[in-house]
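A.B. asks: When you get a sec, could you give me coordinates for this:
(2 chains)
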Amino acid sequence: MQVLSKINKQSSIFTSLVSVFLGLLVGGVMMILAGYNPIQAYIALFQSAFLQPFDIGETIRTITPLILTGLAVGLAFRTGLFNIGVEGQFIIGQLAAVIVALKLDLPPVIHAIVAVIAGALGGALWAFLPGYLKAKRGVHEVITTIMLNFIALYLSNLTVREWLTDGADKTKEIPESASLHWNMLSQLFDSSRVHFGIFIAIVAAFFMYYLLWKTTTGYQLRAVGYNPHASEYAGMNVSRNIVLSMMISGVFAGLAGASELLGTAGYQAIQASYTGIGFDGIAVSLLGGNSPLGIVLSASLFGILTYGGSNMEYVAAVPREVIRVVFAAIIFFVAANIVRWVAQRRKKKVIDKGGEGK
Amino acid sequence: MKLKALGALLLSAALVTVAGCGAAQDSKGGSKGQSAGLVTDVGGLNDESFNQNAWAGLQKAGKEMDFNVKALESKRDDEYIPNLTKFAREKRTITWGMGFKIQNALEKVSNQFKDQHFAIVDTDMGGKIPDNVAAVTFKEEEGSFLMGVIAGSMTKTNKVGFIGGITSPLIKKFESGYRAGVKAANPKAEVKVVYAESFTDSAKGRALASSLYNGGTDIIYHAAGGVGKGLFNEVKTRKQGKYWAIGVDMDQSKLAPDHTLSSMVKRVDVAVYDMMKKVKDDKFPGGEQVQIGLKDNGVGYADTTKEHVPAKVLKKVDDFKQQIIDGKIKVPANENELKKFKP
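C.D. replies: Model (predicted):
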């Protein structure tokens, strides 16, 4: 996974900023080609993400799970693992949280805490399987995690239909005691659905920073990511670190699912397809250079683009598919590391010229 | 190694793009400040069914009655609340929520914007309809009764079938009406009823249809959403003129043109249009459940019915239709009413 370790080593804020700029540029060109006014559209987008307290609250709500899924992908990247299963771990997190919320009868606050922990453990379990298979059997985690996404989706649908309800398409609303909804916070933003999850997300980001850069375990995780063979030679247990990395990654994904369910939706519905929040985590993490601060910032950007995108379409009538193109273009520019490529070519030119001069 | 990782990156880019979002449509009009908004469920505006029909009805109302109408597509369940809120905040005269999936969101938003009017389709909100909400539901049993009349009159084996989606009061309305219709037209005919316990599993629909046909049934009506596709796939492979299917919700004859007798159509567009008329006349039925049936042209049979159903049978169908409209026949909407039903 050399490309991954390259990103880990080299990505700078500068690369990300240039990629964002180029991504927005690509989106703008597309809008011009389709006959829309990009400047008007982008103004509408950013304005409507912040214009009113309600919108700011909803933007924060959109950002919350993206931070967590971004951290999930980023942590696995650091250990050289490509966790595409964040989506599935997210769903299992939702499912575990809704089961605890509906089936247990606990006092307020404690109920919510137990449900959140259940979500985290659910995600960890779902990530443990591919981690274990990778460590012990050498099965590529991309394959297993993609497959487990499907299993998670349909397992959730089955559980909702057969066990949590009587053949209905969604569960009952979770009791107040398990909800992450915080009235004061919500009122602050004009009764939008911003919830306690944002604090969970920020704490998780701090946790990732502390773990990776301030502990021995974190050092090992990163070392395995840079070079598993050297790490093994240095006496580190590579298998153990792979499983551990996947499980922590799954905890983040599970937290994202639990906080979405307990804070935003309040029920689990039968889903025809993925929510896409887990997959967006890949983009968030890549843009954020797999570092906690970068991930929080890039999740914010993607959240603003996502929520503002629906307004952009409302105000400026630009289809919000354009925003998805911008997402993809940004990832493309980050992955291709266009900044470094250009810099290297210029350097080479300078050297060539110097050679001619002699 | 490097290639593999690059491939994975490209794959992730593709995944992110695929998991995309939705679109809004605008249609100008409305000088007197009357306006309406429509929020779709996750099916989207071009679902060739429910949402599309509703939007057509609203656009018609906009044009004829001078409403400024706008639609917002929801791509995910969590977009219902922001979308409804957007319209409510604009102080639209009325905001439509399409389908029972949107019920929770509409409950919350209508509670928050008590001065605004809302309407929801296909649910009675559990019987607790807020004062600023009108709930529109259909008398599916009446339309299904006509399908029963067609099936009862056309069967040669005196065995007709019904495939239901998930067992629920809503689908029981279809079943009861249909069975009553068969009984009224042909007391000797037997109705075989099966439930798929799914609204999406078309393979199951096909298996059920196959076993019904093999058991001597020659006409099958379904009220099972996507499961019904399996019925049409099955009937297509069988002898034309001997085995028939009856569709639901919209004209489904194009799924199997030579094998479709009729379809029970739900005119969501008519329902939306009628409600807009009431809004225009300042007669918004807040807190009420508006049930529309044959009388209001809210349910009925598809225009293509005359292709395969002889005029004689069609006349009988129209005859029953008139009797229902006149109130001479009360179509049963559940099991108990069906037991008491005497044609």
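A.B. asks: in the stretch 1-150 of chain B, which ranges drop under the pLDDT threshold?
C.D. replies: B:1-32, B:48 (pLDDT under 70).
A.B. asks: Do a quick rundown of the strands in it.
C.D. replies: Applying DSSP state E, counting those that start in this stretch to the stretch 1-150 of chain B gives strands spanning B:24-27, B:35-39, B:68-72, B:94-97, B:117-121, B:133-138.
A.B. asks: of all these, which lies closest to chain A?
C.D. replies: Chain A sits nearest to strand B:24-27 of all the strands of the stretch 1-150 of chain B, at 4.8 Å, using CB to the nearest CB. In this view, the C-beta of every residue, glycine as well, is placed from N, C-alpha and C.
A.B. asks: returning to that earlier point: export the strands of the stretch 1-150 of chain B as JSON lines, with columns for distance to residue B:109.
C.D. replies: Shown next, in JSON lines, are the strands of the stretch 1-150 of chain B (distance: least, CB to CB, whole Å):
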{"stretch": "strand B:24-27", "distance to residue B:109": "18"}
{"stretch": "strand B:35-39", "distance to residue B:109": "10"}
{"stretch": "strand B:68-72", "distance to residue B:109": "13"}
{"stretch": "strand B:94-97", "distance to residue B:109": "8"}
{"stretch": "strand B:117-121", "distance to residue B:109": "7"}
{"stretch": "strand B:133-138", "distance to residue B:109": "10"}
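A.B. asks: Pull the number of nearby residues for residue 317.
C.D. replies: Going with chain A. Counted with other CB atoms under 10 Å in any protein chain shown, residues neighbouring residue A:317 total 15.
A.B. asks: that answer is for a different chain, and I need it for chain B
C.D. replies: There are 24 residues near residue B:317, going by other CB under 10 Å.
A.B. asks: was I right about it contacting residue B:151?
C.D. replies: No: at 10.8 Å, residue B:317 does not count as touching residue B:151 under the criterion of CB atoms under 8 Å.
A.B. asks: and the closest residue to residue A:232 other than its chain neighbours, what is it in contact with?
C.D. replies: Sequence neighbours aside, residue A:238 is the residue nearest to residue A:232 in space, at 5.0 Å (criterion: CB to CB, 6 or more residues apart in numbering or on different chains). Counting by CB atoms under 8 Å, 6 or more residues apart in numbering or on different chains, residue A:238 makes contact with A:135, A:224, A:228, A:231-232.
A.B. asks: Just the buried ones from these?
C.D. replies: Neighbour counting by 16 or more other CB atoms under 10 Å in any protein chain shown classes A:135, A:224, A:228, A:231 among the contacts of residue A:238 as buried.
A.B. asks: Report the contact partners of the third one.
C.D. replies: Residue A:228 makes contacts with A:80, A:238, as judged by CB under 8 Å, 6+ apart.
A.B. asks: Show the pLDDT at it.
C.D. replies: Note on residue A:228: pLDDT of 90.
A.B. asks: gap between the residue nearest to residue A:232 and residue A:219?
C.D. replies: For residue A:238, the distance to residue A:219 (CB to CB, to the nearest Å) stands at 14 Å.
A.B. asks: Check residue B:338 too.
C.D. replies: Per CB to CB, residue B:338 is found 72 Å from residue A:219.
A.B. asks: So the two - more neighbours on which side?
C.D. replies: residue B:338 (19 against 15).
A.B. asks: does the more buried one really touch residue B:180, like I thought?
C.D. replies: Yes: Residue B:338 is within contact range of residue B:180, at 6.0 Å (criterion: CB under 8 Å).
A.B. asks: any residues in contact with both of the two?
C.D. replies: Joint contacts of residue B:338 and residue B:180 (CB under 8 Å, 6+ apart) are residue B:332.
A.B. asks: burial of residue B:235, as a residue count?
C.D. replies: 27.
A.B. asks: Now do the same contact list for residue B:219.
C.D. replies: Residues counted as contacts of residue B:219 (CB under 8 Å, 6+ apart) are B:151, B:154-155, B:160-161, B:243-246, B:261.
A.B. asks: Closest one to chain A out of those, please.
C.D. replies: Using CB to the nearest CB, the shortest approach to chain A within the contacts of residue B:219 belongs to residue B:161, at 21.3 Å.
A.B. asks: Surely the closest one is within a strand?
C.D. replies: Yes: counting by DSSP: H, G, I helix; E, B strand; the rest coil, residue B:161 is located in a strand.
A.B. asks: That one pairs with what?
C.D. replies: residue B:192, residue B:220 (DSSP bridges).
A.B. asks: before we move on, what SS does whichever residue of the stretch 151-300 of chain B sits closest to chain A have?
C.D. replies: Closest residue of the stretch 151-300 of chain B to chain A, CB to the nearest CB: residue B:166 (4.8 Å). Three-state assignment for residue B:166 (three-state DSSP): coil.
A.B. asks: Tell me the backbone dihedrals of it, please.
C.D. replies: phi -90, psi 130 (degrees, to the nearest 10).
A.B. asks: give the contact list for the residue lying closest to it once chain neighbours are set aside.
C.D. replies: Once flanking residues are discounted, residue B:166 sits nearest to residue A:167: 4.8 Å by CB to CB, 6+ apart. By CB under 8 Å, 6+ apart, residue A:167 lies in contact with A:161, B:166-168, B:197.
A.B. asks: repeat that for 10 Å
C.D. replies: A:160-161, B:165-168, B:195, B:197-198 (CB atoms under 10 Å, 6 or more residues apart in numbering or on different chains).
A.B. asks: same question, residue A:76
C.D. replies: Here residue A:76 is in contact with A:4, A:82-86, A:127, A:130-131, A:141, A:145, A:221, A:225, A:242, A:245-246, A:248-250, A:252-253, A:285, A:290 (criterion: CB under 10 Å, 6+ apart).
A.B. asks: Excluding chain neighbours, what is closest to residue A:258?
C.D. replies: Counting by CB to CB, 6+ apart, the residue nearest residue A:258 is residue A:119, at 2.5 Å.
A.B. asks: The strand or helix carrying the one you found - contacts with which helices or strands?
C.D. replies: Element membership for residue A:119 (DSSP states H and E) is helix A:110-132. Judged by 3 or more CB pairs under 10 Å, 6 or more residues apart in numbering or on different chains; DSSP states H and E, helix A:110-132 is in contact with helix A:53-78, helix A:86-103, helix A:141-159, helix A:197-214, helix A:238-259.
A.B. asks: Need the residues touching each of residue B:317 and residue B:151.
C.D. replies: Applying CB under 10 Å, 6+ apart, one finds that residue B:317 and residue B:151 are jointly contacted by B:181, B:185, B:262.
A.B. asks: So which of those are in helices?
C.D. replies: B:181, B:185 (DSSP state H).
A.B. asks: quick one: which helix or strand includes residue A:220?
C.D. replies: Under the criterion of DSSP H and E, residue A:220 resides in helix A:216-226.
A.B. asks: So which other helices or strands are in contact with that helix?
C.D. replies: Here helix A:216-226 touches helix A:2-10, helix A:53-78, helix A:197-214, helix A:228-233, helix A:238-259, going by 3+ CB pairs under 10 Å, 6+ apart.
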